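Undergrad: Return a 3D structure for these sequence lines:
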Amino acid sequence: METQLFQQEIPKAIIDGIQQVHRAIFDGTILKEEKLQHKVNLLAVVVLEEGIVAGFKLGYEQPDGVFYSWLGGVHPQYQQRGIAMKCMTAQHEWCKQQGYSRVRTYGRNERKAMLIVNIKAGFEITSTFIDAKGRHKVVFEKAL
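TA: Numbers count the residues shown, from 1 in each chain. Got it, this is the predicted structure:
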């Protein structure tokens, strides 16, 4: 396994790999690539297995200066190998190097595996809210 980080510009082959993982874990939906545009300090962490994207973690700076760990996942055929934690660790190390003091992420109760990964990684629940689609979200933050 190889971990790679991409800032702002993500190569097309990597985006294609992220899309494959996204479709596999999010019910066949694609990540709208325009959502990657105009993000401050956009970071993509990918774990490659023999050149194939096995997992990814995307994040960017929010207006309040906190780094937002936005979206990630591991392809089902590569799960249970520590890839999600590998992505998160690489992201947090990068954040420290960039001078961020906190990381924020949101979770949903129906995605329990990610809630558990966040808690194991030292995140604390700071609040909850209902998003524009009516889904209950849990806000996690971690001091770096």
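Undergrad: For residue 18, which non-adjacent residue is spatially closest?
TA: Nearest non-adjacent residue to residue 18, counting by CB to CB, 6 or more residues apart in numbering: residue 56, 4.8 Å away. The C-beta positions use only the backbone N, C-alpha and C, and glycine is treated the same way.
Undergrad: same thing with residue 76?
TA: Spatially, and ignoring its direct neighbours in sequence, residue 76 is nearest to residue 24 (5.8 Å; CB to CB, 6+ apart).
Undergrad: List the buried residues of the host helix or strand of the one you found.
TA: Per DSSP states H and E: residue 24 is located in helix 12-25. Residues of helix 12-25 classed as buried by neighbour count (16 or more other CB atoms under 10 Å): 14, 15, 17, 18, 19, 20, 21, 22, 25.
Undergrad: how far does the lowest-mean-pLDDT helix or strand in the chain sit from the chain's center?
TA: Least confident helix or strand of the chain, by mean pLDDT, DSSP states H and E, is helix 112-120 with a mean of 86. Averaging C-alpha positions (CA atoms, centre = their mean, to the nearest Å) puts helix 112-120 12 Å from its chain's average.
Undergrad: thinking again about what came up before, just checking, the residue nearest to residue 18 touches residue 48?
TA: No - the criterion here is CB atoms under 8 Å, and residue 56 misses it with residue 48 at 9.9 Å.
Undergrad: With neighbour numbers in mind, choose between these two.
TA: Shown here are residue 56 and residue 48; by other CB atoms under 10 Å, residue 56 has more neighbours (30 against 16).
Undergrad: How much space separates the more buried one from residue 4?
TA: Relative to residue 4, residue 56 is positioned 10 Å away (CB to CB, to the nearest Å).
Undergrad: Between the buried residues of helix 12-25, which sits nearest residue 126?
TA: Within the buried residues of helix 12-25, distances to residue 126 taken as CB to CB reach their minimum at residue 25, with 25.2 Å.
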